[in-house]
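could you work out the structure for the sequence below:
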Amino acid sequence: MLRLLLRGIKMYFYMIGVSIRTQMQYRYAFIMNILGWAMTYAGTAITMWVLLYSFGAIGGWSFWELLFLFALSVLSWGVCVVFFFHFRTLDQFIVQGTFDRFLVRPIHPFFHFMSMKFDVGAFGQFLFSIVAVVLAYGKLHLHWNAGQWLVFGGAVIGGTLIQGGLLIAISALAFWTTRSEQVYWVVMWPAKSLMNYPLTIYPRIVQLAVTFILPFAFVNYLPSLILLGKTSSIYPSCWGMFSILVGVVFFWLCFQFWMLGLNRYKSAGS
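All right, here's what the predicted structure looks like:
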């Protein structure tokens, strides 16, 4: 059993290496992809600045606080993109009948599909988010203690697991419907976009949905209450400490849903 596990891990990292080397063959496209994503998110940040220039604050949050909130979300999303973004295309493999190859090789189908692409283009998200966090940290004169740095690390890991888990759950719908990518644009993208701004500006039903159903509040808003020293009349600040725990539980549930779909998978042929 241990030998099979080690063999599977070795093969997983080998396939990741192949994916990275393949993408690096086109270095100009690789660099432009990074810069393109960084500029896209920078454009969103500029839009925030324009809004704040007119209104001063949104929900009691200044521009630099909003930038930090946004950058924290983008940072974990960047990690998520590296490992899980291609899950949204699972339906194409099922329709074309090419998913079968993931079932006949000596590695778990989930990890085999996960290693199919290691999206290094997500470095554009890293570039923007790290620069934005550093700028916000300085402008807000933050001085985090060890506990706050742990909350920050937990938010990145938990945010990655929450967003990655939702991508996995959405992809699993293809096992039943043979279509899932459209659901990504209907569910995932709007939920992610909501987190660009403080949760308290939205209706109560939306707040409840992104806290207890799709726990995106634990991606950035709740941890930011601790990291920025802010308070909320609705949410206890201490909830931000549980991002990593919520992420692990949510990811495990989504993985079990994916496995449920895999167990009822029937080949569509080729």
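
residues near F212, how many?
9 (other Cβ atoms under 10 Å). Heads up, the C-betas are built off the backbone N, CA and C, glycines and all.

what does stretch 224-237 rub up against?
60-61, 65, 68-69, 72, 140, 142, 144, 148, 151-152, 155, 199-200, 207, 211, 217, 222, 238-241 (Cβ atoms under 8 Å, 6 or more residues apart in numbering).

helices along the stretch 101-250 of the chain, start to end?
109-114, 123-139, 146-172, 174-177, 181-183, 189-194, 204-208, 221-227, 243-263 (DSSP state H, counting those that start in this stretch).

give the buried residues for the third one.
By 16 or more other Cβ atoms under 10 Å, the buried positions in helix 146-172 come out as 148, 151-152, 154-172.

and the host helix or strand of A45, what does it pack onto?
Per DSSP states H and E, A45 falls inside helix 27-55. Counting contacts by 3 or more Cβ pairs under 8 Å, 6 or more residues apart in numbering; DSSP states H and E, helix 27-55 packs against helix 63-84, helix 123-139.

just want the angle from it to helix 123-139.
40 degrees (axes from the mean of the first three to the mean of the last three Cα atoms, to 10 degrees).

buried stuff in helix 27-55?
33-34, 37-38, 41, 45, 48, 52.

got it, and stretch 248-259?
Buried, per 16+ other Cβ under 10 Å, within stretch 248-259: 249-251, 254-255, 257-258.

any idea how far W189 is from M195?
Between M195 and W189 the distance is 11 Å, computed by Cβ to Cβ, to the nearest Å.

residues contacting the nearest residue to L90 once chain neighbours are set aside?
Spatial nearest neighbour of L90, chain neighbours left out: S171 (4.0 Å); criterion: Cβ to Cβ, 6 or more residues apart in numbering. Contacts for S171 (Cβ under 8 Å, 6+ apart) come out as 87-88, 90-91, 180, 258.

the bottom helix or strand of this structure by mean pLDDT?
Lowest by mean pLDDT, DSSP states H and E among the helices and strands of the chain is helix 2-23, with a mean of 66.

hmm, back to that, in ChimeraX, select just the buried ones from the contacts of stretch 224-237.
Remark: buried members of the contacts of stretch 224-237, expressed as a ChimeraX selection using 16+ other Cβ under 10 Å:
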select :61,65,68,69,72,140,148,151,152,155,199,200,207,211,217,222,239,240,241
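
if any of the contacts of S171 are buried, put those into a ChimeraX selection.
Here is the ChimeraX command that selects the buried residues among the contacts of S171 (16+ other Cβ under 10 Å):
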select :87,88,90,91,180,258
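
returning to what we had before: neighbour count winner among M195 and W189?
M195 (22 against 10).

surely that one meets P215?
No. Using Cβ atoms under 8 Å as the test, M195 is too far from P215 to be in contact (10.9 Å).

below-threshold pLDDT in the stretch 1-150 of the chain: ranges please.
1-9, 11-26, 29, 121 (pLDDT under 70).

burial count for T177?
Count around T177 with other Cβ under 10 Å applied: 13.

now it. Nearest residue, chain neighbours left out?
D91 (7.9 Å).

any idea how far the residue nearest to L90 lies from T178?
Taking Cβ to Cβ, one finds S171 at 12 Å from T178.
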